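S.K.: need a structure here:
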Amino acid sequence: MPAYLDFCSTTPVDGRVSAVVQHYMEAEFGNAGSRTHEYGTAANQAVEQARSHVAEGCGAKPDEVLFTSGATEANNLALLGLGAHAKRTGCRHALALAIEHKAVLEPLAALAASQEVEVELVLVGERGWVDPGEIADRLRPDTFVVSTMHANNETGVVQPLDDIAELLRGHPAYWHVDAAQTFGKTGGLADGRIDLISVSGHKLYGPMGIGALIARRRGYGRPPLTPLMFGGGQERGLRPGTVPVPLVAGLGEACRLALSEQGKRASACAAERAKATTALETLEPTYNGDQDQVLPHVMNLSIPGLDAEAAMMILRDLAAISNGSACTSSSYEPSHVLSAMGLDPQRASGALRVSWSHDPVLVDWSEVAERLKNALR
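M.R.: Numbering: from 1, shown residues only. From the prediction side, this is the model:
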């Protein structure tokens, strides 16, 4: 198998996390909603412990954590869940970054169609992060939600959340942050001005099929979310259905490990980045996005004269890389992220995303560079 270099798409499950998941599948397999016996009690305790571990990732309270099937569902619940609030208050203006994941852009489009919401997308420019002033200029009295990702899933560029928090103080709009790529990997989510945070388990060395929406209180009031599904009172009535205890426990353990090892993991990723950058410099690549504001394990680059599809085929048996989001990988249209950054079509079509782990990468970066160099001859 080729070396795996697509960690922005998904991560392997940490062996320590797998052990926890297996335990709650085979040994303590109770339903967390069963209050009449010890199996249910043990399951409920596991869920609440996991809730605490997730909450620690952003300084939230455990009862502000709602478990979902992943960040996509969390994004939908955060945005579509505010639709009734928008209608009730007459506030029909939504702001988001043009580089948001489709799991944010499409729920907003659905709100625009069903609730007559006006969705305004803010461009970011070639550096890949938004000028907070651009948001401030577009903020209106009737803005009911602002959605900004923490770091982009294609470029790895981190958004200036601290500055955005300051400009939103005093404004009633709810602020949603998609933290699928960053939760547990970097700081920046502890500011209480962030109302809603989306989390993904499989981006954090946890299981697929589990995530969370953190919905912070304002004083004593919770965000005015309306459920998208009905049929039970689980997760404070916002996410009905039997809580998947093994997956929830796995997410909790993944968060616990990520937080305890955050510095060590970041240093390892930065060291791997240095190796890759040194090996690839002979290709004179153009790096997409501000490299001073990028996550240490993500690299988006374009190599003059080399198409991304050709590069992936050349490296197919050596390294598993991508040309953007796995959620839209079946499309050969230019990345909406790179287009929103204003990159020319040729540069965008040649863009490659390489992302790695804190564990040693079993790839020869020199061989990667050599193969790509030969393709240019």
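
S.K.: Excluding chain neighbours, give the residue nearest to residue 254 in space.
M.R.: residue 206 (3.3 Å; CB to CB, 6 or more residues apart in numbering). Every C-beta, even on glycine, is put in place using the N, C-alpha and C of the backbone.

S.K.: Could you report the neighbour count for that neighbour?
M.R.: By the criterion of other CB atoms under 10 Å, residue 206 has 31 neighbours.

S.K.: How about residue 129?
M.R.: Residue 129 has 24 neighbours, counted by other CB under 10 Å.

S.K.: secondary structure class for it?
M.R.: What DSSP: H, G, I helix; E, B strand; the rest coil gives for residue 129 is coil.

S.K.: got a list of contacts for the helix or strand where residue 18 lies?
M.R.: Using DSSP states H and E, residue 18 sits in helix 15-26. Residues outside helix 15-26 that contact it (CB atoms under 8 Å, 6 or more residues apart in numbering): 13, 43, 46, 205-207, 245-247, 249-250, 252-254, 257.

S.K.: for it, the distance to its chain's centre please.
M.R.: Relative to its chain's centre, helix 15-26 lies at 24 Å (CA atoms, centre = their mean, to the nearest Å).

S.K.: residues in contact with the helix or strand following that helix?
M.R.: Next helix or strand after helix 15-26 toward the C-terminus (DSSP H and E): helix 38-56. The contact list for helix 38-56 (CB under 8 Å, 6+ apart) reads 24, 28-35, 60-65, 67, 199, 212, 214, 243, 245, 248-249, 251-253, 255-256, 259.

S.K.: same check, this time on stretch 78-85
M.R.: With CB under 8 Å, 6+ apart as the criterion, stretch 78-85 contacts 91, 94, 104, 107-108, 110-111, 114-115, 117, 144-145, 147, 174, 176, 196, 198, 213, 215, 223-228, 238.

S.K.: Mind checking the pLDDT average for it?
M.R.: If you average the pLDDT over stretch 78-85, you get 97.

S.K.: got the domain boundaries for the chain?
M.R.: With domains defined by automatic domain parsing, the chain comprises 3-11+261-375, 15-259.

S.K.: Give the burial count for the nearest residue to residue 34 once chain neighbours are set aside, as a bare number.
M.R.: Of all residues not flanking residue 34 in the chain, residue 40 sits nearest, at 2.9 Å (CB to CB, 6+ apart). For residue 40, the neighbour count with other CB under 10 Å is 16.

S.K.: Also residue 255?
M.R.: For residue 255, using other CB under 10 Å, the count is 28.

S.K.: For residue 331, give me the pLDDT.
M.R.: Looking at residue 331, its pLDDT reads 52.

S.K.: circling back: measure the residue nearest to residue 254 to residue 256 for me?
M.R.: Residue 206 sits 10 Å away from residue 256, going by CB to CB, to the nearest Å.

S.K.: now do residue 274
M.R.: Distance from residue 274 to residue 256, by CB to CB: 29 Å.

S.K.: again with residue 197
M.R.: The gap separating residue 197 from residue 256 is 17 Å, by CB to CB.

S.K.: can you pull the contacts of residue 161?
M.R.: 148, 150, 177, 188-189, 191, 194.

S.K.: Please enumerate the strands of the chain.
M.R.: Ranges of strands in the chain, per DSSP state E, are 3-4, 65-68, 93-97, 118-122, 143-147, 174-178, 196-200, 211-215, 286-287, 298-302, 319-320, 351-355.

S.K.: For residue 129, what are phi and psi?
M.R.: Residue 129 adopts backbone torsions of phi -120, psi 150, taken as degrees, to the nearest 10.

S.K.: Which one of the domains of the chain has the poorest average confidence?
M.R.: Of all the domains of the chain, domain 3-11+261-375 carries the lowest average pLDDT, namely a mean of 90.

S.K.: quick revisit: Throw the strands of the chain into a markdown table and include distance to residue 160, thanks.
M.R.: Below are the strands of the chain laid out as a markdown table (distance: least, CB to CB, whole Å):
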| stretch | distance to residue 160 |
| --- | --- |
| strand 3-4 | 31 |
| strand 65-68 | 25 |
| strand 93-97 | 11 |
| strand 118-122 | 13 |
| strand 143-147 | 13 |
| strand 174-178 | 12 |
| strand 196-200 | 16 |
| strand 211-215 | 20 |
| strand 286-287 | 19 |
| strand 298-302 | 17 |
| strand 319-320 | 32 |
| strand 351-355 | 22 |
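
S.K.: Save these as TSV, and put in mean neighbour count and distance to residue 313 too.
M.R.: Converted to TSV, the strands of the chain look like this (neighbours: other CB atoms under 10 Å; distance: least, CB to CB, whole Å):
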stretch	mean neighbour count	distance to residue 313
strand 3-4	18	16
strand 65-68	26	36
strand 93-97	23	32
strand 118-122	17	33
strand 143-147	24	36
strand 174-178	27	31
strand 196-200	29	29
strand 211-215	28	33
strand 286-287	14	21
strand 298-302	24	17
strand 319-320	20	12
strand 351-355	25	12
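
S.K.: Of those, which is nearest residue 367?
M.R.: Among those, the nearest to residue 367 by CB to CB is strand 319-320 (8.8 Å).

S.K.: tell me the contacts of the residue nearest the centre of the chain?
M.R.: Among the residues of the chain, residue 180 comes closest to the average C-alpha position under CA atoms, centre = their mean, at 1.7 Å. Each residue near residue 180 by CB under 8 Å, 6+ apart is listed here: 71, 101, 149, 153, 198-200, 203, 211.

S.K.: mind listing what's buried in stretch 115-134?
M.R.: The neighbour-count check on stretch 115-134 (16 or more other CB atoms under 10 Å) flags 117, 119, 121-122, 124, 127-130, 132 as buried.

S.K.: Among the residues you listed, which one sits closest to residue 302?
M.R.: Checking the buried residues of stretch 115-134 one by one against residue 302 (CB to CB), the nearest turns out to be residue 128, at 13.3 Å.
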